[in-house]
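> Predicted model follows, preceded by the sequence.
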Amino acid sequence: MARYELVKRSVALITLTNPPVNALSSPVRHAIAKSMERALSDPKVTAVVICGENGRFCGGADIREFAGPLRGPPLIPVLDAIEAGRKPVVAAIEGVALGGGFELALVCHYRIAHSKARLGLPEVTLGILPAAGGSQRLPRLIGIPAALELITTGRHISAQEALKLGIVDQVTDQNACEMAVEFALKSVGKPLSSRRVSMLTTPCPPDLDALLEAATMQVKKKARGVMAPLACIQAVRAAATMPFSKGMKRESELMTTLFNSGQAQAFQYCFFAQRTAGKWTLPSGAQWNNSKPREIRSAAVIGLGTMGRGIVVSLARVGISVIAVESEKKLLENGRQMVIGMLERDAKRRGVSASLNLLNFTLSLQDLKDVDLVIEAVFEDMALKKRVFQELSKVCRPTTLLCTNTSGLDVDALAGVTNRPHLVAGMHFFSPAHVMKLLEVVCGPRSSSETIATAMSLGKKMGKVSVAVGNCPGFVGNRMLKPYLDQATFLLEEGATPEQIDKALEDFGFAMGVFRMSDLAGLDVGWRVRKESGLTGPDVDSKNPPRRRQGHRYCPIPDMVCEQGRFGQKTGRGWYMYDKPGDTNAKPDPLIQNLLETYRSRYGIQPRNISDQEIIERCLFVLANEGFRILEDGMAARPEDIDVIYLFGYAFPRHRGGPMFYVSMVGLERVLERLEYYHQAHPDVPHLEPSALLKKLVACGSPPVQKWREYIKTMHSHL
Ligand SMILES: CC/C=C\C/C=C/C(=O)SCCNC(=O)CCNC(=O)[C@H](O)C(C)(C)COP(=O)(O)OP(=O)(O)OC[C@H]1O[C@@H](n2cnc3c(N)ncnc32)[C@H](O)[C@@H]1OP(=O)(O)O
């Protein structure tokens with residue numbers, strides 16, 4: 001777990017050997033401690049260099065170990081012994097020095113970094129704080145403001161920035177390890193006391209309180225209800241106001257609180273869920289590690305609406321040449337200007353030049369004959385999409401992959417109109433497509449493993465978190481959204497207000513409640529879908545009771561809101577009112593209150609007081625209940641995939657881990673009991689009926705979420 005060798009006759013070289021990221025697992029900590037003892041006690045050794053195998057210094061503590069009791073030597077004494085040693089120790093930082101890896105570097109007396117290395121204290125993103133002395137040493141080394149920013153955001157910095165901040169002593173383009181050995185030899189005999197960061201006095205700004213207060217306000221606004229950034233601020237305050245040993249004690253207390261909060265578990269689950277999601281499998285046995293993706297050099301995007309424009313930008317900024325297609329000259333010109341503007345702004349923000357030379361705009365599908373892949377992003381209209389796919393089938397060379405950005409239509413029906421159904425898949429981006437990280441890759445029953453591998457790999461290249469899902473109406477994300485939205489509107493009927501429901505969801509951790517979010521997204525989109533599905537509009541059977549459709553409870557209030565031309569922020573009116581169209585400041589609207597009151601009295605509904613608990617339970621338990629059905633149906637391979645979709649596509653609060661993790665933390669038995677209760681109260685809402693999988697998991701003793709897969713019948717898998 002760490003190699004020990006003597007180089008240049010007097011330098012002990014300790015190499016961490018724990019692939020893939022040289023995490024500080026128990027055997028690694030043990031090996032470091034033993035190697036340091038050996039180096040310090042060997043009279044031949046005059047200096048020490050610590051580096052990591054395979055060009056990676058260290059990715060930090062082994063996060064998997066956090067799930068169990070501490071085994072092996074604790075990290076802090078191992079690090080303290082390095083700093084206290086009487087021989088100079090140099091960290092040779094290549095690749096990454098993150099979390100505990102960065103803290104390891106901070107106890108070394110000197111730090112040499114390769115120019116491509118990245119450093120950071122990302123613990124806050126795992127729901128914890130840098131608790132191996134990082135929160136106490138970094139402020140001493142670089143001052144409060146800079147340390148506060150790095151510790152509360154978890155941002156990774158480049159070697160150059162680290163040099164500027166005074167974190168590293170030298171940056172090199174050459175072999176950092178060899179440079180560190182040379183550096184170590186030159187350091188022999190020099191006094192070490194000023195190199196021990198724990199001995200430094202924290203440079204304390206006169207406006208410390210104001211600075212910490214401002215940071216507190218900022219993190220409270222940015223990460224509602226999240227404890228870790230607040231604990232980080234308290235730890236930094238300790239570094240500014242306490243001696244090192246007392247600060248370490250405070251750091252440890254804060255860490256214990258975070259560890260016992262449940263939030264740390266949720267964040268760490270998210271870390272692994274995100275990585276698990278990339279490991280897709282198809283029923284054929286093809287999977288992520290045995291299927292080769294094609295290289296995509298050129299692509300076409302059909303339709304330059306909001307989605308199409310974002311997709312063009314996502315492709316072009318990773319170096320893929322794109323032909324963008326529109327049906328009319330005016331739309332094409334408008335799309336061209338928007339895309340160029342978006343790419344230029346994006347390039348400016350990233351400090352690179354905009355890749356405008358990769359763009360071509362055309363009105364003719366004939367121009368697509370040589371592209372490697374097409375992404376169709378026209379209106380959600382099956383007949384239109386089928387015409388496009390038929391045309392593409394004729395125009396594109398037989399090997400071109402044909403993908404659709406549909407948000408829920410049948411991908412296999414589109415594959416069926418082409419001459420290459422195996423090369424058809426869904427690539428469902430989320431709006432705005434150049435910003436949102438999620439990509440649902442929809443695997444049709446005829447999609448080949450190469451097609452899926454290519455779509456997944458292209459997603460990764462574009463910086464997306466790609467999740468493979470099955471082909472069912474709404475796929476995973478939007479299929480689950482429907483019952484969630486239904487519950488919100490049923491609660492309105494029963495007596496709640498949009499602002500009450502939003503507040504309950506925002507207190508839970510969502511940045512925006514469901515109605516505020518709908519106003520932002522535009523209410524007309526859902527209205528059009530409901531009209532097309534025959535749920536509202538002139539075609540609705542007049543004999544249908546007004547609050548029932550297709551045999552189930554239906555709430556027509558969203559349709560009534562749209563009928564008044566209230567489409568959300570863009571029209572200045574929606575579930576809320578705004579000072580003018582385009583404004584974002586949502587204010588409760590008495591007209592909506594009136595509409596609800598009139599509606600309730602028209603249907604003889606006696607409004608009742610609805611608790612926040614009921615709002616959360618009905619909205620979120622029904623969301624997870626549909627997630628269980630999706631798992632039963634084999635449309636998602638595992639609960640982690642569903643959670644990743646909700647974290648990255650629907651801004652589910654990360655400190656809750658995603659809907660499936662959340663219900664596992666509430667306790668499946670409790671969730672089952674509450675769903676049974678609500679279903680009894682609302683028997684005409686089938687989504688409230690507990691799913692068979694939920695019942696099965698409860699009957700099997702409510703195993704942890706990571707084990708649910710074992711209880712899902714694989715014969716149903718569509719993935
Ligand atoms: C009392 C003292 C207590 C605590 C103090 C210290 C706390 C910490 O150090 S917490 C850990 C802080 N470190 C991190 O947050 C870094 C996490 N890792 C990453 O950001 C990335 O993995 C990377 C930038 C280091 C590499 O990225 P990439 O090349 O894209 O690889 P992957 O992310 O796919 O990771 C590959 C593989 O490694 C696993 N892994 C990565 N880091 C850790 C880790 N710190 N502990 C355990 N495992 C780790 C990752 O899960 C992947 O494996 P799987 O595919 O099997 O999941």
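Received, thanks.
> For the nearest residue to residue 266 once chain neighbours are set aside, give me phi and psi.
Sequence neighbours aside, residue 657 is the residue nearest to residue 266 in space, at 3.5 Å (criterion: Cβ to Cβ, 6 or more residues apart in numbering). Bear in mind the C-beta positions are built from the backbone N, C-alpha and C, glycine included. Torsion angles at residue 657 (phi, psi; degrees, to the nearest 10) stand at phi 80, psi -10.
> Counting neighbours, what do you get for residue 657?
Residue 657: 28 surrounding residues under other Cβ atoms under 10 Å.
> Quick check: the gap between it and residue 269.
5 Å (Cβ to Cβ, to the nearest Å).
> Please apply the same query to residue 371.
39 Å.
> who's more crowded, the two?
residue 269 (26 against 23).
> The more buried one: what's it in contact with?
Going by Cβ atoms under 8 Å, 6 or more residues apart in numbering, residue 269 touches 640, 643, 657, 658, 661, 705.
> Top of those by number of neighbours, please.
Busiest of these [other Cβ under 10 Å] is residue 643, holding 32 neighbours.
> what pLDDT does that residue get?
If you check residue 643, the pLDDT there is 98.
> Check which helix or strand it maps to.
helix 639-649 (DSSP states H and E).
> Just the C-alpha atoms of that helix, please, in CSV.
Output for helix 639-649, consisting of C-alpha atoms alone and laid out as CSV, is shown next (Å, rounded to 0.1, in the frame of the first residue of the first chain):
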residue,chain,number,x,y,z
PRO,A,639,-32.2,2.9,-7.4
GLU,A,640,-28.9,4.8,-7.7
ASP,A,641,-29.8,5.5,-11.4
ILE,A,642,-33.1,7.0,-10.4
ASP,A,643,-31.5,9.1,-7.7
VAL,A,644,-28.8,10.4,-10.1
ILE,A,645,-31.6,11.4,-12.6
TYR,A,646,-33.4,13.3,-9.9
LEU,A,647,-30.2,14.9,-8.5
PHE,A,648,-28.9,16.1,-11.8
GLY,A,649,-32.1,16.6,-13.8
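> before we move on, the earlier item: need the pLDDT of the residue nearest to residue 266.
98.
> about what we covered before: quick check: the farthest pair among the contacts of residue 269?
Within the contacts of residue 269, 640 and 657 form the most distant pair, 9.8 Å apart (Cβ to Cβ).
> Give me the common contacts of those two.
Both residue 640 and residue 657 are contacted by 269, 273, under the criterion Cβ under 8 Å, 6+ apart.
> where does whichever residue of the stretch 401-550 of the chain sits closest to the ligand fall, phi/psi-wise?
Closest approach between the stretch 401-550 of the chain and the ligand, counting by Cβ to the nearest ligand atom: residue 460, at 9.6 Å. Backbone torsions for residue 460, taken as degrees, to the nearest 10, come to phi -60, psi -40.
> Figure out how far stretch 422-441 is from the centre of its chain.
Offset of stretch 422-441 from its chain centre (Cα atoms, centre = their mean, to the nearest Å): 14 Å.
> average pLDDT across it?
97.
> what sits against the closest residue to residue 655 other than its chain neighbours?
Ranked by Cβ to Cβ, 6+ apart and with sequence neighbours excluded, the top spatial neighbour of residue 655 is residue 263, at 4.3 Å. Neighbouring residues of residue 263 by Cβ under 8 Å, 6+ apart: 127, 226, 227, 228, 655.
> can you tell me which of those lies nearest to the ligand?
Nearest to the ligand among the contacts of residue 263 is residue 127, at 9.9 Å by Cβ to the nearest ligand atom.
> Please verify my assumption that that closest one contacts residue 257.
No. With contact defined as Cβ atoms under 8 Å, residue 127 does not count as touching residue 257 (11.1 Å).
> Compare those two and say which is more crowded by neighbours.
Ranked by neighbour count (other Cβ under 10 Å), residue 127 and residue 257 place residue 127 first, with 28 against 14.
> ok, now which ones touch the spatially most central residue of the chain?
By Cα atoms, centre = their mean, the chain has its centre lying nearest to residue 648, at 4.2 Å. Residues in contact with residue 648 (Cβ under 8 Å, 6+ apart) are 430, 436, 437, 438, 465.
> how does it look with 6 Å?
Contacts were defined as Cβ atoms under 6 Å, 6 or more residues apart in numbering; by that measure residue 648 touches 437, 438, 465.
> mean confidence for the biggest helix by length in the chain?
The longest helix of the chain (DSSP state H) is helix 329-350. For helix 329-350, the mean pLDDT works out to 96.
> How far off centre is it?
Centre-to-centre, helix 329-350 and its host chain are 26 Å apart (Cα atoms, centre = their mean).
> same thing with stretch 614-622?
For stretch 614-622, the distance to the chain centre is 23 Å (Cα atoms, centre = their mean).
> what do you get for stretch 310-328?
The answer for stretch 310-328 is 24 Å, by Cα atoms, centre = their mean.
> Give me the distance between the two termini of it.
Start and end residues of stretch 310-328 are separated by 19 Å (Cα to Cα, to the nearest Å).
> For it, which outside residues touch it?
Residues from elsewhere that reach stretch 310-328, judged by Cβ under 6 Å, 6+ apart: 298-302, 304, 332, 335, 339, 342-343, 355, 358-362, 367, 375, 377, 429, 432-434, 461-462.
> helix, strand or coil for residue 90?
Counting by DSSP: H, G, I helix; E, B strand; the rest coil, the backbone at residue 90 sits in strand.
> show me the contacts for it.
49, 108, 110, 180, 183, 184 are the contacts of residue 90 under Cβ under 6 Å, 6+ apart.
> What is the most widely separated pair among these?
The distance between the two most remote of these (Cβ to Cβ) is 10.9 Å, for 108 and 183.
> higher neighbour count, those two?
Between residue 108 and residue 183, counting by other Cβ under 10 Å, residue 108 is the more crowded of the two (26 against 22).
> where's residue 293 relative to the ligand, distance?
17 Å (Cβ to the nearest ligand atom, to the nearest Å).
> Count the neighbours of that residue for me.
That count, for residue 293 with other Cβ under 10 Å as the rule, works out to 18.
> Which phi and psi values does it adopt?
Dihedral angles (degrees, to the nearest 10) for residue 293: phi -80, psi 150.
> Surely it and residue 455 touch.
No. Between residue 293 and residue 455 there is no contact under Cβ atoms under 6 Å: 8.2 Å.
> joint contacts of those two?
By Cβ under 6 Å, 6+ apart, no residue touches both residue 293 and residue 455.
> List the residues that contact the residue nearest to residue 53 when sequence neighbours are not counted.
Leaving out its chain neighbours, the residue that sits closest to residue 53 by Cβ to Cβ, 6+ apart is residue 17, at 4.6 Å. When contacts are counted by Cβ under 6 Å, 6+ apart, residue 17 touches 1, 3, 53.
> and of those residues, the nearest to residue 500?
Using Cβ to Cβ, the shortest approach to residue 500 within these belongs to residue 1, at 54.9 Å.
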